[in-house]
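>>> Below are the sequence and a predicted model for it; my questions follow.
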Amino acid sequence: MAKDTIKAAETAAKSTTAMDALASGQLNLVEAAAITEFEDLPGALDRLLNAAGTRRFEHTVAQLREERAEAEAKAAQGWTERGFTVLPQQPQSWDEACIPLRYLVSFPHRALSVARPSLKDKDPAPACAGRGLAER
């Protein structure tokens, strides 16, 4: 078996939607693996199923990736306008470059008070799932 086939099988196996489409014969293994990337995107599954088995499938995947990137950029803009930096991914807890504000103190050991936008406000960035926010 080729590496690509094994990788596609592993990816598709993690998704109930992909496995159902594969079992019903709607998608081949590579297509089933591709839909796992877009399960959370409204309307994407229908578009991919309509293009399945055709040369349009790869084009549809590329379009969906572009649409997602545009949505993420638009959502990130909402946060940057409010004074935050949108990180490409959630930082690890041990990342020294991303220390939570609650751990920053002044001498003699007083918590810092910084005027900043509130994360409790309405989230302008629902398309930024899995990303991190950092204060500038």
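That came through, no problem.
>>> how does this structure divide into domains?
1-54, 73-136 (automatic domain parsing).
>>> For residue 61, which of these is the nearest?
Residue 61 sits nearest to domain 1-54 of all these, at 5.3 Å, using CB to CB. (C-beta placed from N, C-alpha, C; glycine too.)
>>> show me the contacts for residue 30.
If you count contacts by CB atoms under 8 Å, 6 or more residues apart in numbering, residue 30 has them with 4, 8.
>>> Regarding it, which helix or strand does it belong to?
Per DSSP states H and E: residue 30 is located in helix 29-35.
>>> Check which residues of that helix are buried.
If you call a residue buried by 16 or more other CB atoms under 10 Å, then helix 29-35 has these buried ones: 29-35.
>>> C-terminal to that helix, what's the next element?
helix 44-51.
>>> Helix, strand, or coil at the most far-flung residue of the chain relative to its centre?
For the chain, the C-alpha farthest from the mean C-alpha position belongs to residue 108; by CA atoms, centre = their mean, that distance is 41.0 Å. Three-state call for residue 108 (DSSP: H, G, I helix; E, B strand; the rest coil): coil.
>>> Then residue 27?
Per three-state DSSP, residue 27 ends up coil.
>>> Pull the number of nearby residues for it.
By other CB atoms under 10 Å, 23 other residues sit near residue 27.
>>> Touching, it and residue 49? I think so.
Yes: shown here, residue 27 and residue 49 form a contact pair, counting by CB atoms under 8 Å, at 7.4 Å.
>>> Next, show the common contact partners of those two.
With CB under 8 Å, 6+ apart as the test, residue 27 and residue 49 both reach residue 21.
>>> Walking through this structure, point out its strands one by one.
Using DSSP state E, the strands found in the chain span residues 84-87, 105-106, 110-111, 132-135.
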